[in-house]
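Engineer: Coordinates for the following, if possible.
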Amino acid sequence: MAHFAELDINNKVLRVVVACNQDIANNGGEQSTQAAEHFKTVCPLSENGVKWIQTSYNNNFRKQCANTNMYYDENKNKFIFNKPYSSWTLDSNDDWQAPVARPNIFNKPNSEELVVPIKWDETNQRWISANEQYVWNSSLSNWELV
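Structural biologist: Predicted structure coming up:
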């Protein structure tokens with residue numbers, strides 16, 4: 001099955017719907033403007049929608065499958081996640097990166113027990129455990145009890 005993302009005027013993804021592969025093949029083929037235009041007749045745009053663009057459920061094109069937490073970058077021809085925090089930047093793969101690398105160690109200090117899940121603390125520019133009991137010390141590469 002083919003998938004289409006509905007975009008608003010700012011290229012924000014509003015929704016993703018499934019299309020018939022045969023409809024795509026009969027109307028311009030994969031990733032074609034013609035297929036996207038035809039899809040409007042099959043599935044009308046919503047109130048804020050301005051266009052449909054095909055997305056790949058298997059991440060075969062346009063970087064990754066679109067979802068409502070993304071936007072479409074026309075210049076890069078990719079679906080990119082919305083910026084999660086103001087301090088984060090896009091890397092060369094168009095993935096958002098925190099100013100402090102995400103920890104790859106998840107054990108509590110001197111323990112086999114795990115510190116998961118973790119979250120980004122934008123105010124303090126650091127990684128913390130979801131229960132806020134542990135803080136990642138990037139200089140020492142370990143978790144510290146708060």
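Engineer: what's downstream of the top helix by length along the chain, the next helix or strand?
Structural biologist: Looking across the chain with DSSP state H, the single longest helix is helix 33-42. Where DSSP states H and E defines the elements, the next helix or strand beyond helix 33-42 is strand 51-55.
Engineer: Need the contact partners of whichever helix or strand comes after that following strand.
Structural biologist: Per DSSP H and E, strand 51-55 leads on to strand 70-73 as the next helix or strand towards the C-terminus. By C-beta atoms under 8 Å, 6 or more residues apart in numbering, the residues outside strand 70-73 that reach it are 5, 7, 10-13, 53, 62, 66, 78-82, 94. All C-beta atoms are positioned from the backbone trio N, CA, C, and that covers glycine.
Engineer: Which pLDDT value goes with the residue nearest to residue 90 when sequence neighbours are not counted?
Structural biologist: With sequence-adjacent residues excluded and distances taken as C-beta to C-beta, 6 or more residues apart in numbering, residue 90 is closest to residue 96, at 6.2 Å. Per-residue pLDDT puts residue 96 at 98.
Engineer: With residue 32 instead?
Structural biologist: On pLDDT, residue 32 comes in at 91.
Engineer: so what's it up against?
Structural biologist: So, once contact is read as C-beta under 8 Å, 6+ apart, residue 32 ends up touching 24, 54.
Engineer: State the distance from residue 111 to residue 90.
Structural biologist: For residue 111, the distance to residue 90 (C-beta to C-beta, to the nearest Å) stands at 35 Å.
Engineer: Settle it for me: which of these two has more neighbours?
Structural biologist: Each of residue 111 and residue 90 has its neighbours counted (other C-beta atoms under 10 Å); residue 90 has more, 14 against 9.
Engineer: Please name the residues that touch the more buried one.
Structural biologist: Residue 90 neighbours (C-beta under 8 Å, 6+ apart): 80, 96-97.
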